[in-house]
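K.L.:
just a sequence and a predicted model for now, questions to come.
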Amino acid sequence: MARLRVPLNNFSFGEVSPSLTSRTDSPVYASAAESVKNFVIRAEGGVINRAGLKRVYNFPQTYNASLQQQIKLEPFVFSDDEKYVVAFSNGQIDCFVIDPATGVLSHAQTITADTDGNALPIDDGNILQLTHTQKGDFMFICHREFLCRQLVRTGLTSFEVRLFEFEESLDGNRVYQPYYNFQPAGVTITSSAINGNIVTLTTSAAYFTAGHVGVRLLIGEAEAIISGYTSPTQVTAAIFGDLETQLDPDALKTKDGSDKVEVTHAQHGMQVGASLTIAEAGGLGGISASDINGARTISRIIDANRYEITAGSSATSEVDGGGSPVIKSAAPTTEWYEQSYSTVRGFPQAVTFHEDRLWFGGTPSQPDGLWASRTGYYYNFDLGDAEDGDAIDLDANVGVTNEIRHLVSNRDLQVFSSQGEFYVPAFQDAPVTPAKAKLSIQTPVGSGYMRPQSVDGATLFTQATGTAVREYLYTDAQGAYTSTTISLLSSHLISNPVQLAVVQGALARPGAYGFFLMDNGELAIFHSLRSESRAGWMRWTTEGKFHSVCSTGEDVFVVTVRDDGSGTNKLFLEKFNVALNMDFCDDFTGTAGVFSVAGHFANGATVEVVDGTEYLGAFTVASGQVDVSAVKPTSVAAQIGYKYTPEIKTLPFDAQVQGGPLTGEPRKITKVVLDLYQTLSVSVNGTALQLRTVTHSIGSGNTPVTGKQEFHVLGYSRDPRVTITQEAPLPVQINGMITEVSF
C-alpha cells in the first residue's frame, strides 16, 4: 500500500465553500478548509481558538424574536482613554463607559427623551437603517424618517440628545438649510403682499398639503414660514423681510434713445405686466437712478433670465451697469423653493464628516441628493456665492434614481447608493470646493443598509442583494474605484449582513478584521493582510446567537440572545476577552469547590467549569450555586460559562500521483501530525490529545503542549477529511499539520 504525506501549512484563505471540493488545482485548496469555526486565522497562517465572551450587562427589554435587530451597538470614541459603547433600542439610548485602566464596561445612563422633552424617534422599524458619524463630543444620528439627532457628551459619564438645528442669521430672517424646487416646471407662487406676518401664498397648480404647516419656503431671497393650510393651492404664511432678490453686478442694460431697460434676473419666472419695485440701482446710459428705482412694470419677457421694464426717461447711450439692484415683487414667480428636510419631504439617510464639512445624503424626496456644510460651520448649509468655503449641493444624476444610503470619508468622499457607488474626488493640496465638487459614478453594484467601513485600505460594503461582500478600492492601474467581490470563495457564509465592526489587530491577534453580523445570528469574520496578499473568512457561533456587534479600538462587544438557565431567551451585552475560553463567562471565587453564581446564571443552567489549566466538567446550577467539590474539593477560583466548540474541517485530501489524481479513489488517513503551541485540548477525528498519565492527580494542573503531536485515525473514504475539535474549553493553537494518506 502506497503512502504519501500531504502538508497543510497554513489556513490563510480560511473557510471556503463546500463547492470547491474538486478544485484541487487551485492554490487556495492547499491553504483553506471546509470549516473554520470559532478559530482566528493568525498572521503567520495558523489558527488559534477565538476569545471567549465576558458577560457585562443584562438588557431589561423583553426579547422579540420577530425583530431582526432589537438593540444596535455603536462605538463612541472621544480619545484613547475616553471610550464608550452606545446601545440604540426602541425609544431609548443606553450609554456605557469603558474604564481606561481595567477595560471594564459599566452602564452610565439611559436616555428616553431629548433636551426639549420629545420622545426619541428611534424604534423597532428604523433601527436597522440608522446611520451615524461622530466628531469630538457629538454623534450625529440619521434616518430618513426623522431630522438628525445629536448625542452629546456633556461630562465624563453624562450624555444628552439634542435636535439638530441649522444656523440662523443674526436678524432671524434666514435659516441656512438646503432648499429645492419640488414643484413641476412652470408652477408659480404669488403673495398677497411683499411682506407681513400673515400673507396669502397661492400656487398656479395644486402643491400644498396640511403637513406643510411649519415648513419654510424660499421665495427669491426671502424666507416664508407656512402658518396655515387652506387648500392644495393656498396657504397663509409669515414673510421674513421683503420678497426681494439681489441681482448680480451690472444687471441692467440701456438702449440708446429708448426708455426700455433690460434686467438680467436669473430664473426670474416673471410674467408680462407683473409689478415690481427696484431699489439700490445706480443711474446709467443717461437715465438717472430715480428714473430706474421705484415701482415698475415688466413690459417684455426676453427669456428665462431676462426681461424689460419701462424707465422714467430715455437713455442717451447703450450701457451695461446699474450696480447690484434689488428687485422687490409679490408678482407670480417660478423662483421659489421648499426646504429639503421636513416631515413632508423626509430627512437625510446618510451622514459623515469629510474635509472639515458635515455631509448629508439621500432623502425620500431627493434620494440622490448630497449636501455639505460650509467649511468648519457644521450647521450652516448656505450656498452663498459658491466661494471656496461655502456649502455644496450635488445630485447623482446618472439616468436612474440612486438612493444614497451611506457616506464614507476615505481618500475621497465615497458615496454608496442603492444602485451604484460614487465618489467626490479629492484634489492634491486643495480641498473640495463648490466650483470643483462633482459626484462621479464608479461601479453599478448597489449597497445594502449595512454601514460600510474601511478594512486594510479598502472600504467593505454589502451588495444590495445581501448575498455578497465587496471591497471598494481605488486602483492606479484603472485610475478608478473597483468593487471586487471578496466573499466569492466563501459565499455560503454570507446571509444578509446586518452590521459590521472593524478592528486593526483585534483581541491580541495581528492583522485587520471585519466582523460581519449575519441575519442567522452568526459572525462571519474577514481577515486581511493586504501586504502579504492574504485574506480569508472564519465563522463564529455561540450558544444562542449574536444580535449586534461593535468595536472600540481593539475591543469588540456584542449583544447576544441566549438562555441564562431560566428557560427564556434574553438580551445580554458581552465583551470578547482573550483570557476566557467560554462564552457568557466570568471569573468566580468560591470555597471548597462551591461557587455562588446567582445573578449571572439562573437555576437549571448547564455550565462548564475550568480551574486554571484543568477542565472540571459540566455542572447544573442549583440554589444559585455551582458545586464542583466532588471533582475538586480544593477549588477556590474558576471560570464558569457556556462552552463553544472550535472546529477545523479540511477539504478532502487529494494528490497527483503516477497515473493521475487520487480523486474519487478509496483512501485512508493513517496518521495526522499537528504542530501545536501552548495547547491544552484538541481532538483529531474523535481522537483526543492525552495530557494526563496514570499517575496524574486532579489539582496538580496540566502542562500545555508545544510541538509536534501524532494522532492515529481509522477508516477509508473517497473524500477523506480531518476534523479538528476539542472536548474541553481550553486553549488550542495549530500552526500547521501533516496528514499521511494511504491508497
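P.N.:
Okay, I see it.
K.L.:
would you mind measuring from the spatially most central residue of the chain to V16?
P.N.:
The chain has R451 as the residue nearest its centroid, 2.3 Å off, counting by CA atoms, centre = their mean. Distance of R451 to V16, given as CB to CB, to the nearest Å: 27 Å. Just so you know, the C-beta spots here come from the backbone N, C-alpha and C atoms, and that holds for glycine as well.
K.L.:
same check, this time on S596
P.N.:
Distance, S596 to V16, using CB to CB: 46 Å.
K.L.:
one step back: quick check, the residue nearest to the centre of the chain in contact with H406.
P.N.:
Yes. Under the criterion of CB atoms under 8 Å, R451 makes contact with H406 at 5.9 Å.
K.L.:
need the residues touching each of those two.
P.N.:
T131 (CB atoms under 8 Å, 6 or more residues apart in numbering).
K.L.:
next, the distance between the ends of stretch 632-648.
P.N.:
32 Å (CA to CA, to the nearest Å).
K.L.:
quick one: buried residues of it?
P.N.:
Using 16 or more other CB atoms under 10 Å as the test for burial, stretch 632-648 gives 632, 635, 638-644, 646-648.
K.L.:
same question for stretch 159-174.
P.N.:
Neighbour-count burial for stretch 159-174 flags 159-161, 164, 166-167, 174 (criterion: 16+ other CB under 10 Å).
K.L.:
Q366: which of these is nearest?
P.N.:
F166 (16.3 Å; CB to CB).
K.L.:
check the gap between that closest one and P178 for me.
P.N.:
9 Å.
K.L.:
quick one: common contacting residues for the two?
P.N.:
The contact sets of F166 and P178 overlap at F381 (CB under 8 Å, 6+ apart).
K.L.:
flag the shaky bits of the protein, pLDDT-wise.
P.N.:
Residues of the chain that meet the criterion pLDDT under 70 lie in 1, 398-399, 505-511, 531-532, 655-664, 691-700.
K.L.:
list the buried residues of stretch 54-69.
P.N.:
In stretch 54-69, counting by 16+ other CB under 10 Å, buried: 54-57, 59, 63, 69.
K.L.:
in strands only, show me those.
P.N.:
Using DSSP state E, the subset of those located in strands is 54-57.
K.L.:
show me where the stretch 401-550 of the chain has strands.
P.N.:
Remark: strands assigned in the stretch 401-550 of the chain by DSSP state E, counting those that start in this stretch are 404-409, 413-417, 421-424, 440-443, 453-455, 458-462, 469-475, 480-485, 499-504, 512-517, 523-529, 534-540, 545-552.
K.L.:
run a quick neighbour tally on P249.
P.N.:
P249 has 10 neighbours, counted by other CB atoms under 10 Å.
K.L.:
likewise I494?
P.N.:
For I494, the neighbour count with other CB under 10 Å is 21.
K.L.:
which ones are touching it?
P.N.:
I494 touches 466-469, 487, 516, 518, 524, counting by CB under 8 Å, 6+ apart.
K.L.:
of those, grab the buried ones for PyMOL.
P.N.:
Applying 16+ other CB under 10 Å to the contacts of I494, the buried members can be selected in PyMOL as follows:
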select buried, resi 466+468+469+487+516+518+524
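K.L.:
now the contacts of I494 as TSV including distance to E82?
P.N.:
Shown next, in TSV, are these (distance: CB to CB, whole Å):
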residue	distance to E82
G466	36
T467	39
A468	37
V469	32
S487	35
F516	28
M518	32
A524	31
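K.L.:
just the closest of the contacts of I494 to S26, please.
P.N.:
Here the nearest of those to S26, counting by CB to CB, is S487; it sits at 16.4 Å.
K.L.:
mind listing what's buried in the strand ranked longest in the chain?
P.N.:
Criterion DSSP E: the longest strand present in the chain is strand 667-679. Neighbour counts over strand 667-679 (16+ other CB under 10 Å) mark 667-669, 671-677, 679 as buried.
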